[in-house]
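In: Here you go, sequence then predicted model.
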Amino acid sequence: MTVPGTRASSVLAETNAMINELVDKYGSPPVQVTMDTLFHDDLELESIDLVTLGVMLAARYGEQVSMAEFLADKDLVDVIGLRVGELVDYVVSQLDLAAGVG
């Protein structure tokens, strides 16, 4: 389920910027991600890139945003098919929990 609203748009924009930091390290041109962008198939990011992105997200949003926790219940097929929107939804839900929203 995709979380609508300003917070999701903001998290998507910030996640897009972080992803562009990652792809820039590979010498790739900037990308524009959407909620439907696939980390593996569309962006060709590897698991180590997801770890790096997780560190970046925790630095930006705090330790309540844990990539390890987010990925813990996913199997390999789920991780390979992971969409940016799933991560954005998770970040928004964790921010809402921390703020006592919902």
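Out: Received it, and whenever you're ready, just let me know what you need. Numbers count the residues shown, from 1 in each chain.

In: residue closest to the middle of the chain?
Out: Geometric centre of the chain, nearest residue: residue 87, 3.9 Å, by CA atoms, centre = their mean.

In: secondary structure class for that one?
Out: Secondary structure, DSSP: H, G, I helix; E, B strand; the rest coil: residue 87 is helix.

In: List the contacts of stretch 48-56.
Out: Outside stretch 48-56, the residues that touch it by CB atoms under 8 Å, 6 or more residues apart in numbering are 15, 18-19, 21-22, 39, 45, 66-68, 70-71, 79, 82. No exception for glycine: its C-beta is placed from N, CA and C like everyone else's.

In: in stretch 92-102, what's buried?
Out: 92, 93, 94, 95 (16 or more other CB atoms under 10 Å).

In: Please apply the same query to stretch 6-13.
Out: Applying 16+ other CB under 10 Å to stretch 6-13 flags 7, 8, 11, 12 as buried.

In: residues in contact with that stretch?
Out: Contact with stretch 6-13 is made by 2, 33, 34, 35, 84, 85, 88, 89, 91, 92, 95, 96, as judged by CB under 8 Å, 6+ apart.

In: so who does the third one touch?
Out: Read that as residue 34. So residue 34 contacts 12, 84, 85 (CB under 8 Å, 6+ apart).
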